[in-house]
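Peer 1: Build me a model from this:
(chains A and B)
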Protein chains: 2
Amino acid sequence: MALLVQKFGGTSVGDPDRMRAVADHVARTVRRGNQVVVVISAMGKETDELIRIAKEVSDTRPGREMDMLVTAGERKATALLCMAIADLGVEAESFTGSQAGFLTDSTHTNAKIIAVEPDRIRASLAAGRVAVVGGAQGRSVDNNVTFLGRGGSDTTAVALAHALGADSCELYTDVPGVFTSDPRLVSDARKMEHITFDELLEMTANGCPKPAMRSVEYARTHGVELHVRSAFTWEPGTVVTKESTTMEQAIVSAVVHDADEAKVTIGGVADRPGVAAHVFRALADADINVDLIVQNTSEQGVTDISFTVPHGELTTAVSICEVAGAEVGFTRVTAEPAIARVSVVGAGMKSHPGVAATVFETLAANDINIEMIATSAIRVSCVVAEADIERAVVALHDAFGLASGPVYVD
Amino acid sequence: MALLVQKFGGTSVGDPDRMRAVADHVARTVRRGNQVVVVISAMGKETDELIRIAKEVSDTRPGREMDMLVTAGERKATALLCMAIADLGVEAESFTGSQAGFLTDSTHTNAKIIAVEPDRIRASLAAGRVAVVGGAQGRSVDNNVTFLGRGGSDTTAVALAHALGADSCELYTDVPGVFTSDPRLVSDARKMEHITFDELLEMTANGCPKPAMRSVEYARTHGVELHVRSAFTWEPGTVVTKESTTMEQAIVSAVVHDADEAKVTIGGVADRPGVAAHVFRALADADINVDLIVQNTSEQGVTDISFTVPHGELTTAVSICEVAGAEVGFTRVTAEPAIARVSVVGAGMKSHPGVAATVFETLAANDINIEMIATSAIRVSCVVAEADIERAVVALHDAFGLASGPVYVD
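Peer 2: Down below sits the predicted model:
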C-alpha cells in the first residue's frame, strides 16, 4: 500500500464532468489499495473571477481580505470533489489549508509556509478516508487565512507529501509528462521517463509549462519524488528525482523555448562600478521580471548591456532605462520585441564539454543568427529572431538525437 | 458610544453597487461614534447557486461537505465588504463563523449553536476596527465547518449581540420596518415603532416576511433588543422588545395574511385515541410543514380534521393522508388549494375579550365566509377563500383602526 499525494489544477476540475472524472481517478487509486491525499485548486477560472469582483467592489483590496476571498475558491472545489468521491462509495473529507495544518507567515496574497502539521490529514487517512485539501492555503501565525499565491497548489502538494512521508507526489496536468521539446513544434518530441530537479528547474525557468518553480525547489530541497502525469490516462508520466550516482545522466535531455520575451539593450554605458546596479535596482523596484542579462567586454571605457523581459513589461522597462540613463549617463536604449529564446538542458553537460559548440554550429548551419548567449552548468540558451524560433528548436532537437532517446554520459 | 450589531441579508449585498452602499452605511455608523459588528449572508442568490452546482456534481451530497461548500458564499461576501469599507478609510476585518467563536453541534446543514465565544471580535473592536462576520456559520465540537441553515444569519446576529452585550441588534431588510398590515394590500398600513417578541413571533409564523423565527425566539429568550429597519434610510424602523409592565399594550397591533396555504380535510375519522397521531406522524416523517390544525367536536363517534400546508406540499400531503386513511380507517380526504389565512395579532388581546367577536362580525359584514378558525392568546386566525383575502385584510385593518395608531389596553 502506497501513500500518494495527487494534485489536480483548476482546469482538471473546471466543470462538473471533469470534477467527476477526477473523483473517478481518485476512487480507482484507492481501490488499487493506496492511501490518497488530494490537493486541488479552484475550479477553472474561479480565482480570476474572484479577483475581478474584488476590483469591481474595491480600490484598496487589503491583502488579508483578498486571501479570505480567493480561498473561497478552493474551499468550494474541495467540498464538491468530496461529494463526487462519496457518490462512488469512497469516503472523503475536505480540509482547508488551515485545517490541514499549513502554518505560514503573514505575507498576505503570497504567504510562505513555515510549518506543516497535518494531524487531521493523518487521522482522516487512518480512518480509511480520502483527504481533499484546498491548495495554496494556510493560516498565519496570527491566525488569519493566508494564500500562497499563484502556483501555490503545487507547493501545497509537495509540502504535504514531505510532511506525510508520502511515497510519491503526483502532479496532474493536461499533458502526459515532460517532453524533450514542445510537441506542437517538434513532431518527434519524446516523453521523458525521468528528469532531474535541476533539469526541470532550468526548463520551468525557460518557458516550459511545468510545475511552479517554488514547488520544484521545495521538492528538491526535501527529496520529494514528483510524478508529472496526465489526469486522464493510467500511463505513467515523467518522474522527477534528485540525480543519483547510479542513475545515468543524459548529456542533453530537452530543447525548450520561450517566445514571450523581448530584448532591451542599453548602449554606451560607462564601465564603472554601480552603473548596472543602478539600472537593475530601478527595474526590480518596478517589479520588472528581468531574465537573461548579458554584458559585453568593455571597449574604450564604455560597454553595452542587454537583457530580456516578458513582452508585456517591455514598454515600462524601456521608460525606466531612459530615466536611469539620464541619471547615470548612457547614450541609448533600444528595444527588440521580436525575439525568442531556445535552451538546451541536460544534467550531463556539466561533465561533457562541447554541447555549446554543437548548439552554435547547428544554428549557424541553419542560417540562424544568435543575438544573445547565456549559459548555466546544465543549460545553453540562445536568443534568436522570433521568426527563426521553430526552425531553431527542431534543428537542435534533431542535432542531439532526442527523438530516439537520450545520449548518456559514458 | 453604542455597540451595534448590523445584519444585512443577501439582497442587500447582491452586487458591487449594493455592497458599496452597505459599506457606506457601516462607515457612517462608525463615524457617528459607534462600534459596529456586521453580520452578512452570501451575495444575492449565491447559496442557491452553490447548491445547484452540488446537485450537478453529486447525488449523495454529504452534509459535512455541503456545509464546507455553502459557507464559501458568506466568506466571499465578508471579504468583499471589508474591502469596500477599507476604501472609505475605515479598518475592517472579516471573520468566519469559526473565527468569530461560534461553537455548534454536528447537525450538518442545520447546526444549532452551543456557545459563542467572540474573543477575536472583541479584540477587533478594541483595535478600533469593524468586524464583519459570515452569517449562519460555525465550527462543530469535532472541529468541522457547520452551517446553521437558511435564515441562520439572523440567528448569528442575535447570538453575537447577546454574547457581546450589544446595545442593539439591527436587522436590515428591504422594508422600513414592521407594518400593521401588508402595505401592498392596505394603503394606510402604518409602520410600527414598537412591537413585542410575542407579537412578532405570531406574525412571522403567519406569513409576514420578517426575521427568521429562530432568531426572534433567541432574542426573546436572551433579551436582545431587535431593530428591524431599512438598509437605505437613516429613519428608525421597528424596535422589538419584551413586553414590560410600563409599556402599554396594543389590543391589536397588526393584521397579517398568508396566501401560500392550502387546506386538507380528512373526514369520517374514528374518534378514538391514536388516529390523529398516526396521520400527523406520517406527515411529519415526510417533512410536510403542517400549520393550523382544527378538529371539530365529535358527532356519533366520527369527526373531521382540517389542516393547512404550503401549496407546494399539498399533493404529497393528500397522498400521505390517503395511505394513512387506509391504515386507520377514515372515509374521505379533500383538498382545497384556493384558501388564504388572515390573522389579527396583538399582545393586549390577552386581557381584552371581544377581539375574536369583532373579527367574525367584520368578516360577516363583508360577506366573507370563514372556513377555519384558530386562536392563540394573542392571535385570531381565520381561513377564508383566497379570492376574499384582500377584502378581509383591508376590512379588519380598518375595523381595528390601525391606520391612526394602536388602541391600547386601559
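
Peer 1: For the closest residue to residue A:167 other than its chain neighbours, which residues are in contact?
Peer 2: Among residues not flanking residue A:167 along the chain, residue A:2 sits closest, at 4.2 Å (CB to CB, 6 or more residues apart in numbering or on different chains). For every residue, glycine as well, the C-beta is placed using N, CA and C. Counting by CB atoms under 8 Å, 6 or more residues apart in numbering or on different chains, residue A:2 touches A:33-35, A:167-168.

Peer 1: how far away is residue A:2 from chain B?
Peer 2: 26 Å (CB to the nearest CB, to the nearest Å).

Peer 1: If you check the stretch 201-350 of chain A against chain B, which residue is the closest one?
Peer 2: residue A:231 (16.5 Å; CB to the nearest CB).

Peer 1: backbone phi and psi for that residue, please?
Peer 2: Dihedral angles phi and psi of residue A:231 (degrees, to the nearest 10) take the values phi -70, psi -20.

Peer 1: about what we covered before: separation between the residue nearest to residue A:167 and residue A:90?
Peer 2: 16 Å (CB to CB, to the nearest Å).

Peer 1: My read is that the residue of the stretch 201-350 of chain A closest to chain B contacts residue A:173, right?
Peer 2: Yes: here residue A:231 reaches residue A:173: they are 7.4 Å apart, a contact under CB atoms under 8 Å.

Peer 1: Secondary structure for the contacts of residue A:2 - can I get that in a markdown table?
Peer 2: Below are the contacts of residue A:2 laid out as a markdown table (DSSP: H, G, I helix; E, B strand; the rest coil):
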| residue | secondary structure |
| --- | --- |
| A:33 | coil |
| A:34 | coil |
| A:35 | strand |
| A:167 | coil |
| A:168 | strand |
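
Peer 1: Among those residues, which one is most surrounded by other residues?
Peer 2: residue A:35 (21 neighbours; other CB atoms under 10 Å in any protein chain shown).

Peer 1: give me every residue that touches it.
Peer 2: Taking CB under 8 Å, 6+ apart as the test, what residue A:35 contacts is A:1-4, A:125.

Peer 1: partner residues bridging it?
Peer 2: Counting by DSSP bridges, residue A:35 is bridged to residue A:3.

Peer 1: picking up where we left off before, now for the residue of the stretch 201-350 of chain A closest to chain B: which residues touch it?
Peer 2: Here residue A:231 is in contact with A:8, A:12, A:21-22, A:25, A:172-174 (criterion: CB under 8 Å, 6+ apart).

Peer 1: how close does residue A:322 get to residue B:223?
Peer 2: Taking CB to CB, one finds residue A:322 at 70 Å from residue B:223.

Peer 1: Neighbour count for these two, which is higher?
Peer 2: Each of residue A:322 and residue B:223 has its neighbours counted (other CB under 10 Å); residue A:322 has more, 13 against 10.

Peer 1: Now do the same contact list for the more buried one.
Peer 2: So residue A:322 contacts residue A:333 (CB under 8 Å, 6+ apart).

Peer 1: gap between it and residue A:260?
Peer 2: For residue A:322 relative to residue A:260 (CB to CB), the value is 23 Å.

Peer 1: ok, now residue A:227?
Peer 2: 28 Å.

Peer 1: neighbour-wise, which of these two wins?
Peer 2: Taking other CB under 10 Å, residue A:227 and residue A:260 do not tie; residue A:227 has more neighbours (20 against 12).

Peer 1: Might one say that the more buried one is in contact with residue A:167?
Peer 2: No: with contacts counted by CB under 8 Å, residue A:227 stays clear of residue A:167, the gap being 9.9 Å.

Peer 1: what residues does chain A put near chain B?
Peer 2: A:16, A:19-20, A:50, A:53-54, A:56-62, A:64-66, A:68-69, A:71-73, A:75-76, A:78-80, A:82-84, A:86-87, A:92-94, A:96, A:99, A:120, A:143, A:145 (CB under 8 Å from any CB of the partner chain).

Peer 1: which among those residues end up buried?
Peer 2: Buried by 16 or more other CB atoms under 10 Å in any protein chain shown: A:16, A:19-20, A:50, A:53-54, A:57-58, A:61-62, A:64-66, A:68-69, A:71-73, A:75-76, A:78-80, A:82-84, A:86-87, A:92-94, A:96, A:99, A:120, A:145, out of these.

Peer 1: taking the residues you listed one by one, which sit in strands?
Peer 2: A:92-94, A:145 (DSSP state E).

Peer 1: Identify, from those residues, the entry nearest to residue A:116.
Peer 2: Comparing those against residue A:116 with CB to CB places residue A:145 closest, at 16.1 Å.

Peer 1: How about residues contacting the helix or strand where residue A:24 lies?
Peer 2: Per DSSP states H and E, residue A:24 falls inside helix A:16-31. With CB under 8 Å, 6+ apart as the contact definition, helix A:16-31 has outside contacts at A:4, A:6, A:8, A:11-13, A:36, A:38, A:40, A:43, A:77, A:80-81, A:84-85, A:87-90, A:92, A:130, A:231-232, B:53, B:56-57.

Peer 1: which parts of that helix are buried?
Peer 2: A:16, A:18-23, A:25-27, A:29-30.

Peer 1: Can you tell me which helix or strand of chain A has the lowest average pLDDT?
Peer 2: Taking mean pLDDT, DSSP states H and E as the measure, the helix or strand of chain A with the lowest value is strand A:293-295, at a mean of 82.

Peer 1: Identify the single longest helix in chain A, thanks.
Peer 2: helix A:63-87 (DSSP state H).

Peer 1: That one versus helix B:63-87: what angle between them?
Peer 2: 160 degrees (axes from the mean of the first three to the mean of the last three CA atoms, to 10 degrees).

Peer 1: quick one: helix A:63-87 to helix A:16-31, angle?
Peer 2: Going by the same axes, to 10 degrees, helix A:63-87 makes 70 degrees with helix A:16-31.

Peer 1: could the contacts of residue A:35 be laid out in TSV, adding pLDDT?
Peer 2: Shown next, in TSV, are the contacts of residue A:35 (pLDDT from 0 to 100):
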residue	pLDDT
A:1	83
A:2	96
A:3	97
A:4	97
A:125	98
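
Peer 1: which one of the buried residues of helix A:16-31 is nearest residue A:305?
Peer 2: Using CB to CB, residue A:18 is the member of these that sits closest to residue A:305, with 46.9 Å.

Peer 1: And that closest one, what's its pLDDT?
Peer 2: On the pLDDT scale, residue A:18 is placed at 93.

Peer 1: What distance do you get for the residue lying farthest from the centre of chain A to residue A:267?
Peer 2: Most distant residue from the mean C-alpha position of chain A: residue A:300, 41.6 Å away (CA atoms, centre = their mean). As for residue A:300, its distance to residue A:267 is 13 Å (criterion: CB to CB).

Peer 1: quick one on the thing from earlier: closest one of the ones in strands among the buried ones among the residues of chain A next to chain B to residue B:380?
Peer 2: Distance to residue B:380, by CB to CB, is smallest for residue A:94 among those, at 50.1 Å.

Peer 1: need the contact list for the closest one.
Peer 2: A:75, A:78-79, A:81-82, A:132-134, B:64-65, B:68.

Peer 1: doesn't residue A:393 make contact with residue A:366?
Peer 2: No: Residue A:366 lies out of contact with residue A:393 (CB under 8 Å); the separation is 10.8 Å.

Peer 1: Thank you kindly, that will do.
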